[in-house]
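1. Here is a sequence together with a model predicted from it:
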Amino acid sequence: MARTAASPLQRQAVSKPSLDEQRAIWREAFADVRAETERRASHLTAEDQIVQSMADASPTKWHRAHVTWFFEQFLVVPNVPSYTTFDQRFPFLFNSYYVAAGPRHARPQRGLITRPNGTDVAAYRAHVDAAVMRLIETVPADGAAQVFSVLEIGLHHEQQHQELLLTDILHAFAQNPTDPAYDPQWQPPAPTQGPRGFVDVPSGIHPVGHDGADYCFDNETPRHDELVPPMRIARHLVSNAEWLEFIEAGGYATPSLWLSDGWAVAQAEGWQAPGYWRQKDGAWHAMTLAGLKPVDWAAPVLHVSYYEADAFARFAGKHLPSEAEWEVAARANVSADAFGIAWQWTRSAYLPYPGYRAAEGALGEYNGKFMVNQMVLRGSSLATPAGHERVSYRNFFYPPARWQFSGVRLAEFS
Ligand SMILES: [Fe+2]
């Protein structure tokens, strides 16, 4: 995944452009993000794009349509009275979880929707693209800030689905005995070389959360103080070689290493290794975006759940960092590979920051209503689109989830 130094989304934040310049910037940003979704989908056949391999994963075709519905529902319909909805049935099919936006199709059954077909979804995208471009071009000055604000949310939302598009199709391909490659040319990112070990994190009271004028999701605010105790954080992500030590030492068969809930899931699911690892010809292989490959022992471990990350930390005699500790370390630039390889589980529950309130209306459902029973991951992964990552970014998943590109960074306390 090529990374650009500054996306139009980022450039918007660093200057004070005129309205015409803003229109141009948003046109370019919108076109770029929409094209990236199609670029990612272009590796897949029509059949690939229909499949839903589990309730948590969605078909590629659904992702392409859902992000389009988001713009139609929250940007075009409220701001363009003359707009004609592309298809009256689509809001029901492609609303994800916005209760305030109306009823919706059952999530686990998204893979049953063979029609509308891929051509229909492409036409839907083109219809909404044209409407959004017209709106960017014609919105009057007194409405521009509000329109561009919702447009910006829609672009960051689509980028989130670009990552899910890859994690979801990888999960589907991992169920296929022929081990399909999403992209045979895909190469994993190279981890930073250099001495391993642990490095001091500045202790004391530190501000945590988003600062600055660039975009953030509401869950990254309000910025607030957190206490970081004397501690050290691992320079590097936990490697596959280190994970193999855990396996060979019986880590998956030692209940004292595991949280009770984690042990129950590991037993029920028969976990013996990270997600997508399997033995072939007497050697460990892993399913990747390039198909089934021998495990690269120097590479960071991927596709481990919170439960596994926590058990590994106990096995290593270490801990997972809290999200505040992770952020302070990342801001101090002491942790290598904070971004671009693996989301890193923290020991922090996904909770509102002090004083957080979700926005009014349907868009207030974006983050706030999920703030229970999930754990925070920090950083970004190899599937995160260019320009989407931030030091204050809070990703979150349920503790058993391991189909994301999730890995581990350890911490130790003095
Ligand atoms: Fe969504």
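-> Noted; the coordinates are in hand.
2. give me the beta-bridge partners of Ala286?
-> The partner list for Ala286 in beta bridges (DSSP bridges) reads Trp277, Lys293.
3. show me the contacts for it.
-> Contact analysis of Ala286 by C-beta atoms under 8 Å, 6 or more residues apart in numbering lists Pro274, Tyr276, Trp277, Arg278, Leu292, Lys293, Pro294, Val295, Leu302, His303. C-beta here means a position set from N, CA and C on the backbone, and glycine is covered the same way.
4. Among those residues, name the buried ones.
-> Among the contacts of Ala286, those classed as buried by neighbour count (16 or more other C-beta atoms under 10 Å) are Pro274, Tyr276, Trp277, Leu292, Val295, Leu302, His303.
5. Let me know the closest of these to Gly204.
-> Minimum distance to Gly204 across those is 33.3 Å, recorded for Leu302 (C-beta to C-beta).
6. Pull the contacting residues for the closest one.
-> Pro274, Gly275, Tyr276, Ala286, Ala342, Phe405, Ser406, Gly407 are the contacts of Leu302 under C-beta under 8 Å, 6+ apart.
7. Spell out the residue ranges of the helices in the stretch 301-414 of the chain.
-> Using DSSP state H, counting those that start in this stretch, the helices of the stretch 301-414 of the chain run over 306-315, 323-331.
8. So which elements touch the last one?
-> Okay, so that is helix 323-331. Contacting helix 323-331 under the criterion 3 or more C-beta pairs under 8 Å, 6 or more residues apart in numbering; DSSP states H and E are the following elements: strand 198-201, strand 204-208, strand 224-228, strand 231-234, strand 343-349, strand 375-378.
9. Would you mind listing the buried residues in the first one?
-> In this case it means strand 198-201. So, applying 16+ other C-beta under 10 Å, buried residues of strand 198-201: Phe198, Val201.
10. How about the longest helix belonging to the chain, which residues are buried there?
-> Looking across the chain with DSSP state H, the single longest helix is helix 141-174. Neighbour-count burial for helix 141-174, with 16+ other C-beta under 10 Å as criterion, is recorded at 144, 147-148, 150-174.
11. do stretch 296-310 as well
-> Per 16+ other C-beta under 10 Å, stretch 296-310 contains these buried residues: Ala299, Pro300, Val301, Leu302, His303, Val304, Ser305, Tyr306, Tyr307, Glu308, Ala309, Asp310.
12. what's the weakest-modelled helix or strand in this structure?
-> Lowest on mean pLDDT, DSSP states H and E among the helices and strands of the chain sits helix 8-14, with a mean of 55.
13. contacts for the very next helix or strand once past that one?
-> Elements were assigned by DSSP states H and E; along the chain past helix 8-14, the next helix or strand is helix 19-41. Judged by C-beta under 8 Å, 6+ apart, the contacts made with helix 19-41 from elsewhere in the structure are 7-9, 11-12, 17, 49, 60, 63-64, 67, 125, 129, 132-133, 136-137, 141, 144, 148, 151, 155, 158-159, 161-162, 165-166, 385.
14. tilt between helix 19-41 and helix 141-174?
-> 10 degrees (axes from the mean of the first three to the mean of the last three C-alpha atoms, to 10 degrees).
15. Remind me what the helix or strand that helix 19-41 is followed by packs against, helices and strands.
-> Beyond helix 19-41 on the C-terminal side, the first helix or strand identified by DSSP H and E is helix 60-71. Here helix 60-71 is seen to pack against helix 19-41, helix 90-94, helix 118-138, helix 141-174 when contacts are counted using 3+ C-beta pairs under 8 Å, 6+ apart.
16. Please report phi then psi for the nearest residue to Asp296 once chain neighbours are set aside.
-> Counting by C-beta to C-beta, 6 or more residues apart in numbering, Asp296 lies nearest to Asn240, which is 6.4 Å off, once chain neighbours are set aside. Recorded main-chain torsions at Asn240 are phi -60, psi -40, according to degrees, to the nearest 10.
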